[in-house]
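Novice: Turn this into a structure:
(2 chains)
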Amino acid sequence: GAVVSQHPSRVICKSGTSVKIECRSLDFQATTMFWYRQFPKQSLMLMATSNEGSKATYEQGVEKDKFLINHASLTLSTLTVTSAHPEDSSFYICSARDRAAGTMDTQYFGPGTRLTVL
Amino acid sequence: SQQGEEDPQALSIQEGENATMNCSYKTSINNLQWYRQNSGRGLVHLILIRSNEREKHSGRLRVTLDTSKKSSSLLITASRAADTASYFCATDSSGNTGKLIFGQGTTLQVKP
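Specialist: Now for the predicted structure:
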């Protein structure tokens, strides 16, 4: 089945540093990837839609200069949390849509990245 | 913004019992999906039901959709301890963008 990986799975950083999280579709091509954030015991909140070869579309209230998204290839999207602060500590999850015909409705989720900002 | 509301927020049952979770949403949808999340892990896609479907089965899972009431239910029959997880509904109202809006989730505990 379709697999999405995220790297790193866990990261601890100091306040003010930037952190890059990678999301890869391992066995399919994904023209669209999505980034979500999940706080403890809460649901997933969509942050942005990442489209290969174009700018990401951010949800209302998500700072695009704070959360930089790059989708440079059909199998890789990156989320960079710039100048991270403790309130950015969260579980970040990506998902990818398989561009193959007939499977566009299904999203495959990565295992998530736990970010802790000290 | 979160569209889906789920109830109950938490459910505790004995192994072998059935578990029913409900999801309500606000706008018209293309499809509704159910996902499972084990603690601290990613999401596993369980089942997708399209707006023109009323019921769907997959193994021990049964999903219903009532578009007139803007609600869906997930039934897990003959539950097992391994079913312990959080369950989320997610709606796709976006046309072709695939953007999903997740409900608040139901935490299910199945006691052995």
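
Novice: going forward, measure contacts and count neighbours with C-alpha atoms only.
Specialist: Will do.

Novice: So which residues of chain B form helices?
Specialist: Applying DSSP state H to chain B gives no helices.

Novice: Flag every residue of it that's near chain A.
Specialist: Contacts of chain B with chain A, taken as Cα under 8 Å from any Cα of the partner chain, map to B:1-2, B:41-45, B:88, B:98-105.

Novice: Residue in chain B with the shortest distance to chain A?
Specialist: At 4.0 Å from chain A, B:Gly42 is the closest residue in chain B, using Cα to the nearest Cα.

Novice: ok, what's across the strand from A:Asn11?
Specialist: Just so we're on the same page, residue A:11 is Val rather than Asn. Going by DSSP bridges, A:Val11 is paired in beta bridges with A:Leu115.

Novice: ok, back up a step: can you go through the residues of chain B next to chain A and name the buried ones?
Specialist: B:2, B:41-45, B:88, B:98-105 (16 or more other Cα atoms under 10 Å in any protein chain shown).

Novice: so of those, which ones are in strands?
Specialist: B:43-45, B:88, B:100-102 (DSSP state E).

Novice: biggest separation within those, which pair?
Specialist: B:Val44 and B:Ile101 (15.6 Å; Cα to Cα).

Novice: What ranges in the chain fall below the confidence cut-off?
Specialist: Since you didn't name a chain, this refers to chain A. A:1, A:101-105 (pLDDT under 70).

Novice: not quite, I wanted chain B
Specialist: Residue ranges of chain B with pLDDT under 70: B:1-4, B:95-96.

Novice: Which stretches in it count as strands?
Specialist: B:5-7, B:10-14, B:19-24, B:31-37, B:43-50, B:55-58, B:61-66, B:71-76, B:85-92, B:100-102, B:106-111.
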